[in-house]
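Asker: Next one to model:
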Amino acid sequence: MPEKTSNNSVGRGAGFALLAFGAFATHDAIVKTLGESYSVFQIIFFSILFGFVPVVLMVMADKSEANLRPHNPLMVAGRAATMLVSMICAFYAFTVLPLAETYALLFATPLLITILSVPLLGEEVRLRRWIAVIIGLIGVAIVLRPGVTPISLGHIAALAAAISSALSSIIVRRIGSSERSAVLILYPMLANMLIMAMILPWTYRPMPVTDLGLTASIGILMAVAQFLVIAAYRRAPAAVVAPFQYSQIVWAIPFGIILFGDTPDIWVGVGALTIVASGLFVVWRETRHGVSETSPVLSRQNYRPDTGPVPRFRRNTKRH
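Answerer: Down below sits the predicted model:
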């Protein structure tokens, strides 16, 4: 009976994860839709503005959060900076590239986390994970096909978002045990909203109510997806939940075809499958005992460029 209960809990966790990343994919499709008419800075400002209150309520629900004073202010500032760069670059990539192509490049984030964990975390990466990383980077080259197809600013932005997100993840891994999740989530949101507000007067375009509603839905979807991710990690281990990150590309293909008329290129599909397979292998290897000291990819739990770490709620071990 306990085993059955445990399996049911893991199944529900997987279901929550699938819904969470479906919400994120819908979020990205709306970003792409709005990007046809508005600047990235305006979209980011209003999405954070509308998503701020539900995210604050969600974070503050953790009664262990005693105060908002950072213990590592420089690192927290570094996380805010990397998150800002990642959001701007990712949102821009979504507006100018097909969704599936953008995801394929953003999925390189776990591979970059693995690479950066060696000099920045002292992680020992053994031969099998290095082979997986190299194969994943070959997948990135397949998607880009330098010399065959022109590499646009959108491609560069997607790669910059992946690199910035990986650096943000490393920072979270370095200070996550000493900083409260509220600090790691709310400070970057406030900083990004402030910077976008400073840029907004030069990029603002009046928005009809329908478009304003779409920007509100971006913020709400972000908060809902974060809530679902928390629910998933409460019920299932990271090794089960993390791979569902890649399900976003499954949502992206029909969104791209139906909403934007984007039919995925065969080479983008091959490259994406290569990147996903290598990323899944890295996640699996980090679950093996004695393979990874810091588990940098699994400890991040969510590689989205526009969200913070999952708040450190205790996993629920009671009957659901």
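
Asker: which residue sits closest to Ser247, ignoring its sequence neighbours?
Answerer: Phe21 (5.0 Å; C-beta to C-beta, 6 or more residues apart in numbering). Using the backbone N, CA and C atoms, a C-beta is placed for each residue, glycine as well.

Asker: what mean pLDDT does the strand or helix carrying that neighbour have?
Answerer: Secondary structure assignment for Phe21, by DSSP states H and E: helix 2-34. Averaging pLDDT along helix 2-34 gives 83.

Asker: try stretch 267-279
Answerer: On average, stretch 267-279 scores 93.

Asker: Check which residues of that stretch are buried.
Answerer: 268-269, 271-272, 274-276, 278-279 (16 or more other C-beta atoms under 10 Å).

Asker: go on, stretch 228-244?
Answerer: Quick answer for stretch 228-244 (16+ other C-beta under 10 Å): 228-236, 238, 240-244.

Asker: Distance from the chain centre to stretch 126-145, please.
Answerer: 20 Å (C-alpha atoms, centre = their mean, to the nearest Å).

Asker: How about stretch 30-48?
Answerer: The answer for stretch 30-48 is 17 Å, by C-alpha atoms, centre = their mean.

Asker: and the end-to-end length of that stretch?
Answerer: 14 Å (C-alpha to C-alpha, to the nearest Å).

Asker: what comes up buried for it?
Answerer: For stretch 30-48, by 16+ other C-beta under 10 Å, it's 30-35, 38-48.

Asker: Now do it: everything it contacts.
Answerer: 87-88, 91-92, 94-96, 99, 189, 192-193, 196-197, 199-200, 203-205, 207, 211-212, 214-219, 221-222, 259-260, 306 (C-beta atoms under 8 Å, 6 or more residues apart in numbering).

Asker: 6 Å - rerun?
Answerer: The contact list for stretch 30-48 (C-beta atoms under 6 Å, 6 or more residues apart in numbering) reads 87-88, 91-92, 94-95, 189, 192-193, 196, 199-200, 203-205, 214-215, 218-219.

Asker: What of stretch 276-287?
Answerer: With contact meaning C-beta under 6 Å, 6+ apart, stretch 276-287 is reached by 107, 110, 114, 129, 132, 135-136, 239, 242-243, 246, 291-292, 295, 297-298.

Asker: can you map out the strands along the stretch 1-150 of the chain?
Answerer: Read by DSSP state E, counting those that start in this stretch, the stretch 1-150 of the chain holds no strands at all.

Asker: Provide a list of residue ranges in it with pLDDT below threshold.
Answerer: 1-7, 59-67 (pLDDT under 70).

Asker: for the stretch 201-320 of the chain, same thing?
Answerer: If you take pLDDT under 70 as the line, the stretch 201-320 of the chain has these spans: 299-320.

Asker: show me where it has helices.
Answerer: 209-235, 238-241, 248-260, 266-286, 296-300 (DSSP state H, counting those that start in this stretch).

Asker: Just to check, Ala272 is in contact with Tyr103?
Answerer: No - contact criterion C-beta atoms under 6 Å: Ala272 and Tyr103 do not qualify, at 7.1 Å.

Asker: Pull the contacting residues for Ala132.
Answerer: 278, 281-282.

Asker: any idea how far Glu293 lies from Val53?
Answerer: 39 Å (C-beta to C-beta, to the nearest Å).

Asker: again with Trp251
Answerer: 26 Å.

Asker: Just want to know which of those two has more residues nearby.
Answerer: Using other C-beta atoms under 10 Å as the criterion, Trp251 and Val53 rank with Trp251 on top: 21 against 12.

Asker: Verify the contact between the more buried one and His27 for me.
Answerer: No - judged on C-beta under 6 Å, Trp251 makes no contact with His27 at a distance of 10.3 Å.

Asker: Need the pLDDT of the nearest residue to Leu112 once chain neighbours are set aside.
Answerer: Spatial nearest neighbour of Leu112, excluding adjacent residues (C-beta to C-beta, 6+ apart): Ala166 at 3.7 Å. pLDDT recorded at Ala166 is 90.

Asker: just checking, Ala166 touches Phe107?
Answerer: No - under the criterion of C-beta under 6 Å, Ala166 is not in contact with Phe107, lying 11.6 Å apart.

Asker: can you list the contacts of Ala132 in TSV and add distance to Val148?
Answerer: Output for these, formatted as TSV (distance: C-beta to C-beta, whole Å):
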residue	distance to Val148
Ser278	22
Phe281	27
Val282	27
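
Asker: Closest one of the residues you listed to Arg69?
Answerer: Among the contacts of Ala132, Val282 lies closest to Arg69 (C-beta to C-beta), at 34.9 Å.
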